[in-house]
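>>> Fold the following.
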Amino acid sequence: MTPTYQLTDTHTHIYYHANSERLDVQLKDCFDKNITRLFLPNVDTQSIKPIFDTVAAYPENCFAMLGLHPCSVKNDYKAELNTIEKAISNHKIYAIGEIGLDLYWDKSTLDIQKDAFRTQVKWAKDLGLPIAIHCREAFDEIFELLDELKDNKLFGIFHCFTGNLEQAHRAIDLGFALGIGGVVTYKKAGLDHVVKEIDLKHIVLETDAPYLAPSPFRGKENESAYLYYIAEKVADLHQISMEKLAEITTNNSRTVFGI
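Coordinates of the predicted model:
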């Protein structure tokens, strides 16, 4: 039977299970919940192969990104970037990501994180691709960078957006969709109040699996199939049907990724 709607997970590391039965099981669980489009963000040079193994196994459903995660920006980051840049020239990708700034784990690498971000934004602009931004405890710093780099070629998704309403509008004004994940289901996070105020044309859905599982699975390993619970929450906040929410957010994902 043809599903009545199609959900898109715009950010999942499901490829951690590449070449295993767990990948097949998790994707079947996705398909059972009408989650048929999954976008795979890269972390470092080690994650390139599992991403493309997953895409090769499920080419109709899984779509690759390439980029260097800010937590992977270490002293050897230029060599990592060179390897990733070569991989980009050899593969079909739909975004540069995930890239950005993370001051939660290591503030000492801020300068090289910024340098890596600028380099990768240039790749995205040259290729006409969106970027998937990772921003943790670094909103001021990332907005300063985006203000510096903004032009009509800069666009993408603020992955795992957890900011306030002012930050949401600032991201949207810079040309970004907001990636809404499991945090919207957490009672004390306050993200639900923000999401309720944002026009759905600016929202895409994501899991960030295996991280940040939504309620009722909080604290356990997240799975892309749990996108259903995130979608359910956002539909409830906006008082619309799951079918309508899926249509809007999947169309938004098509606008961003071009597929």
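>>> Spell out the residue ranges of the strands in the stretch 101-250 of the chain.
Under the criterion DSSP state E, counting those that start in this stretch, the stretch 101-250 of the chain carries strands at the ranges 131-136, 156-158, 176-180, 203-205.
>>> Just the residues contacting the first one, thanks.
Think strand 131-136. Strand 131-136 has contacts (CB atoms under 8 Å, 6 or more residues apart in numbering) with 10-11, 39, 41, 65, 67, 69-70, 95-105, 120-121, 124, 142, 154-160, 176, 179. For glycine as for every other residue, the C-beta is placed from the backbone atoms N, C-alpha and C.
>>> Out of the strands of the stretch 101-250 of the chain, which is closest to D192?
strand 176-180 (9.8 Å; CB to CB).
>>> Pairing partners for the closest one, with directions?
Strand 176-180 sits in its sheet next to strand 156-158 (parallel), strand 203-205 (parallel), going by DSSP bridges.
>>> between it and strand 131-136, how many degrees?
Interaxial angle of strand 176-180 relative to strand 131-136 (axes from the mean of the first three to the mean of the last three CA atoms, to 10 degrees): 60 degrees.
>>> can you list the weak-confidence ranges in the stretch 101-250 of the chain?
Within the stretch 101-250 of the chain, no stretch has pLDDT under 70.
>>> and the longest helix for this protein?
When the chain is parsed with DSSP state H, its longest helix is helix 110-127.
>>> which one of the strands paired with strand 176-180 lies closest to K33?
strand 203-205 (12.1 Å).
>>> mind checking how far that closest one is from the chain centre?
Once both centres are worked out by CA atoms, centre = their mean, to the nearest Å, strand 203-205 turns out to sit 9 Å from its chain's centre.
>>> Go through that strand and flag the buried ones.
203-205 (16 or more other CB atoms under 10 Å).
>>> what's the closest of those residues to V194?
For the buried residues of strand 203-205, the nearest to V194 is I203 (10.5 Å; CB to CB).
>>> Help me confirm that that closest one comes into contact with T249.
Yes. When contacts are counted by CB atoms under 8 Å, I203 is listed as touching T249 (6.0 Å).
>>> Can you check which residues contact both of those two?
V234.
>>> Is F39 within a helix or a strand, and which one?
Element membership for F39, per DSSP states H and E: strand 35-40.
>>> other SSEs contacting the helix or strand following that strand?
Counting by DSSP H and E, the element after strand 35-40 in chain order, helix or strand, is helix 48-57. The contact analysis (3 or more CB pairs under 8 Å, 6 or more residues apart in numbering; DSSP states H and E) places helix 48-57 against strand 35-40, strand 62-64, helix 77-90.
>>> Can you name the residues in contact with helix 48-57?
For helix 48-57, contacts defined as CB under 8 Å, 6+ apart pick out 14-16, 18-19, 23, 40, 42, 62-66, 83-84, 87, 91.
>>> ok, now with 7 Å
14-16, 18-19, 23, 40, 42, 62-64, 66, 87, 91 (CB atoms under 7 Å, 6 or more residues apart in numbering).
>>> Wait, A171 touches I157, no?
No. If you go by CB atoms under 7 Å, A171 and I157 don't touch, sitting 9.3 Å apart.
>>> quick one, which of these two is more surrounded?
I157 (29 against 25; other CB atoms under 10 Å).
>>> Out of the helices and strands packed on helix 48-57, which gets nearest to V183?
strand 35-40 (18.5 Å).
>>> now the closest one against helix 48-57, angle please.
Using the same axes, to 10 degrees: strand 35-40 against helix 48-57 is 160 degrees.
>>> Begin at 4 from now on, thanks
Taking 4 as the first residue, the last one we looked at is strand 38-43.
>>> ok so, going back, which pair of the contacts of helix 51-60 spans the longest distance?
The most widely separated members of the contacts of helix 51-60, counting by CB to CB, are L26 and A90 (20.6 Å).
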